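Asker: dropping the sequence and predicted coords here.
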Amino acid sequence: MKKIIISMAAIAAMLFASTAFATVKVGVLSDLTGPTSSVGVPYAQGIKDCVAYVNANGGIDGDKIELIQVDYAYNVQQALSAYKRFKSAGIIAMQGWGTGDTEALVRFISRDKIPVFSASYSAHLMDPSKAPYNFTIAPDYSTQGRAGLKYIKDTWKEARAPRIAFVYPDKPYGHTPLPAMKEYAKEIGFEVTGDETLDLKAMDATPQILGLKKQKADFVWVGGTTPSTAVLMKDAKKLGFTGKFLVNIWGNDENLAKMAGPACENNLGIQAASVYGQDVPGMKMIEAETKGKPQMTHYMRGFVSTMVMVEGMKKAKANGKLTGEGIKDALETMRNYDPKGLAPAISYYPEDHRPSMAVNICTVKDGKLEYLETVSLPRDNKWLGK
């Protein structure tokens, strides 16, 4: 009788084990306290909230996602240490962050076959021949910059060529899009006037503004983050600079109006996700998850980045291969995936990891970030990785 009971218990245990769901581990590399934390914090919160939403709604077809987050404070060496921890913990995917650390991790994630959704949009990181396991949900910095230039040129009313200057931090992230943007600017009829560097922690931009005035720039590309952009704009207003700013994806957000006040009104900015409250299908999901509390557009990108990763995981599991390599293979078959309107439709290819060629142009009006229009460029192979 005891043998029968033991056998029945063993069978029950086997049946339970066969229906039990696994835990899927994902590493999250965040800057919560470093020089890009003003945008890193909301982005990371978007990741966490999306995972909470996914887990509450069935997970990866029953499997729950476990996040392992490390604040690396925008320090590459700390990022490498964090990756070792992630690898030891058994992650099968990762949400990454900056350009320097993403570049430093490329060979390790390729070796270990761990797909990384980076928040660095450097063009070369979207070329699978160089970074086969790197993915993003925003077009590369070069594509973003080209789209902004195209918008300016298409709306320019004067007969002469518009003059454009470039302001950026002396970091890999700041330098990355410059060659592509300058080449494209000249190609479509801009006069490129010169460069100024501005530290991410700058408290004064007087020398830079005086340089821009000397160059007589009509437009200025700003490649920093929100705090340094606000300093630049306030000093521009104070010193009577009348050119317009075209701000990159990390310096153009809802905090800009709070930091720069009226100085940021009617300038232009680039984004790759919707603005909170925008009339798109996925906004109801976001508003429910955040209990109606407005979030920054960086939050939206963190949320969308996780949505796309999850979609890849679901496809990989359906294919019977929920591994890093399986997720990569699944993502490379993704075509026109619609993240509920929270970002333009996304496609990846084995030879091209650019998610799309569509870029949102925004402005600040009456203290609020507003969507203007989406500029779409051709998926030209000559631009891949450049």
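Answerer: Arrived safely, thanks for sending.

Asker: where along the stretch 101-250 of the chain do the helices fall?
Answerer: Using DSSP state H, counting those that start in this stretch, the helices of the stretch 101-250 of the chain run over 141-155, 172-175, 178-187, 206-215, 226-238.

Asker: hmm, Val24 is touching Leu67, no?
Answerer: No. In this structure, Val24 is not within contact of Leu67 by C-beta atoms under 8 Å, at 9.9 Å. Quick note: C-beta positions are derived from backbone N, CA and C, even for glycine.

Asker: neighbour-wise, which of the two wins?
Answerer: Val24 (23 against 18; other C-beta atoms under 10 Å).

Asker: wasn't the more buried one part of a strand?
Answerer: Yes. Using DSSP: H, G, I helix; E, B strand; the rest coil, the assignment for Val24 is a strand.

Asker: dump the residue contacts of it.
Answerer: Gly59, Ile60, Asp63, Lys64, Ile65, Glu66, Ile92, Ala93, Met313, Leu322 (C-beta atoms under 8 Å, 6 or more residues apart in numbering).

Asker: how is this protein divided into domains?
Answerer: The record's domain parsing of the chain by automatic domain parsing lists 17-139+279-355, 142-271+362-383.

Asker: now mean pLDDT too, for these, in TSV please.
Answerer: Converted to TSV, the domains of the chain look like this (pLDDT from 0 to 100):
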stretch	mean pLDDT
domain 17-139+279-355	96
domain 142-271+362-383	97
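
Asker: need the residues touching each of Val24 and Leu67.
Answerer: Common neighbours of Val24 and Leu67 (C-beta under 8 Å, 6+ apart) do not exist.

Asker: what's the closest non-adjacent residue to Thr197?
Answerer: Asp170 (4.9 Å; C-beta to C-beta, 6 or more residues apart in numbering).

Asker: phi, psi for the one you found please.
Answerer: phi -80, psi 70 (degrees, to the nearest 10).

Asker: that one contacts Leu200, doesn't it?
Answerer: No. Asp170 is beyond contact range of Leu200, at 9.5 Å (criterion: C-beta under 8 Å).

Asker: out of these two, which sits in the busier spot?
Answerer: The neighbour comparison of Asp170 against Leu200 (other C-beta under 10 Å) goes to Leu200, with 23 against 10.

Asker: report the contact partners of that one.
Answerer: Pro35, Thr36, Pro169, Lys171, Gly224, Thr225, Pro227, Ser228.

Asker: rerun at 7 Å
Answerer: Pro35, Pro169, Gly224, Thr225, Ser228 (C-beta atoms under 7 Å, 6 or more residues apart in numbering).

Asker: will you turn those into a markdown table that also has neighbour count and distance to Leu268?
Answerer: Converted to a markdown table, the contacts of Leu200 look like this (neighbours: other C-beta atoms under 10 Å; distance: C-beta to C-beta, whole Å):
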| residue | neighbour count | distance to Leu268 |
| --- | --- | --- |
| Pro35 | 19 | 24 |
| Pro169 | 19 | 19 |
| Gly224 | 27 | 15 |
| Thr225 | 28 | 17 |
| Ser228 | 27 | 17 |
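
Asker: pick the one among the residues you listed closest to Ala205.
Answerer: Ser228 (7.7 Å; C-beta to C-beta).

Asker: against Gln278, how distant is the closest one?
Answerer: For Ser228, the distance to Gln278 equals 26 Å [C-beta to C-beta, to the nearest Å].

Asker: show me where the stretch 151-300 of the chain has its strands.
Answerer: 163-168, 191-197, 219-222, 244-247, 268-271 (DSSP state E, counting those that start in this stretch).
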